[in-house]
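In: I would like to see how this sequence folds:
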Amino acid sequence: MGYPQKFDIKENDFSKINIKLPINKTDGKNITTDNYFDEIISELSPFGKKKNVSQIFQIVEFYLSFPANRDATIDFNGKSTNYENLFKEILVNRKHLNQHEQMFYTRLLISKDRNPNKTFKDIYSKVYIKLFPGDQPEQYGQIDRYELIIEKKDITPTKLNLIEKNFLEEYEKSKLKKENYSLYVFFVGNAPKSSKDRKFDLINNYIYFEYTEVRETNYDSF
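Out: Numbers count the residues shown, from 1 in each chain. Next up, the predicted model:
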């Protein structure tokens, strides 16, 4: 089965179809397909047939599962790059500034209230995702208060419910406290333009949460 090689940013009608797609979980050696993620997509092309994908979770899973293959190329919205350069971790050093139409990722800052993110509730017009820079020690709290905002007026209720479901499922997994694991968010967006700005712009609601370990790229693992 081929890996994701092409992704185009576009406006999709996410209300058309709801199917289950297999996610390949791997430790770098053995692959299983017994895990599924409920995902709404706009096409029925089998994953791997055309190697074109319409949702970012497929790209994220390849990046996470195969750290020795991040030199693999992908046509991302008309620009040729590789997986290593496509994924940008949000860090305190602000090297992400002025990056546009990029795949960003970082840990999440989770509320200690009973509800891990109450802004999903109907009384709020926006969902606020608090971002925790990857190189900032957790014991120091959040120094740089980066955030990602989902405008509810720009998203269908079906897609918003799916995003919330994904978030809550991965949040529950985070209670396991596995070594080297954190709750991460992956999204396509635009970075702040200045060092004073703390807001990332989400593009077309391409966002995915996962409780996981992000292993370092290692081309010598074979």
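
In: in the longest strand that the chain contains, what counts as buried?
Out: Longest strand in the chain by number of residues (criterion: DSSP state E): strand 199-212. Residues of strand 199-212 classed as buried by neighbour count (16 or more other CB atoms under 10 Å): Lys199, Phe200, Leu202, Ile203, Asn205, Tyr206, Ile207, Tyr208, Phe209, Glu210, Tyr211, Thr212. (Each C-beta comes from the backbone N, C-alpha and C, glycine too.)

In: And for stretch 162-175?
Out: For stretch 162-175, a neighbour-count test (16+ other CB under 10 Å) marks Leu162, Ile163, Glu164, Asn166, Phe167, Glu170, Tyr171, Ser174 as buried.

In: And the last one, how far from Leu160?
Out: Relative to Leu160, Ser174 is positioned 21 Å away (criterion: CB to CB, to the nearest Å).

In: residues touching the nearest residue to Gly78 once chain neighbours are set aside, list them.
Out: Counting by CB to CB, 6 or more residues apart in numbering, the nearest residue to Gly78 once its immediate chain neighbours are dropped is Asp8, at 7.2 Å. By CB atoms under 8 Å, 6 or more residues apart in numbering, Asp8 lies in contact with Asn52, Asn77, Gly78.

In: for Phe87, same thing?
Out: Contact analysis of Phe87 by CB under 8 Å, 6+ apart lists Tyr63, Met103, Phe104, Tyr105, Phe186.

In: The second one is in contact with Asn190, isn't it?
Out: So that's Met103. No - applying CB atoms under 8 Å as the test, Met103 and Asn190 come out as separate, 11.7 Å apart.

In: Of those two, give the one with the bigger neighbour count.
Out: Met103 (23 against 17; other CB atoms under 10 Å).

In: so which helix or strand takes in the more buried one?
Out: Element membership for Met103 (DSSP states H and E) is strand 102-108.

In: residue ranges for the strands of this protein, please.
Out: When assigned using DSSP E, the strands of the chain occupy the ranges 6-7, 18-26, 31-40, 52-53, 73-76, 79-82, 87-89, 102-108, 126-132, 146-151, 182-190, 199-212.

In: Comparing those strands, which yields the minimum mean pLDDT?
Out: Among the strands of the chain, strand 31-40 carries the lowest mean pLDDT, a mean of 34.

In: Partner strands of the strand holding Met103 and their direction?
Out: Strand 102-108 has its sheet partners listed here by DSSP bridges as strand 87-89 (parallel), strand 126-132 (antiparallel), strand 182-190 (antiparallel).

In: Which residue, other than its chain neighbours, is closest to Leu168?
Out: Pro116 (7.4 Å).

In: what's the spacing between that neighbour and Leu97?
Out: 29 Å.

In: And for Ala191?
Out: Separation of Ala191 from Leu97 (CB to CB): 6 Å.

In: what's the answer for Thr73, then?
Out: In this structure, Thr73 and Leu97 are 25 Å apart, going by CB to CB.
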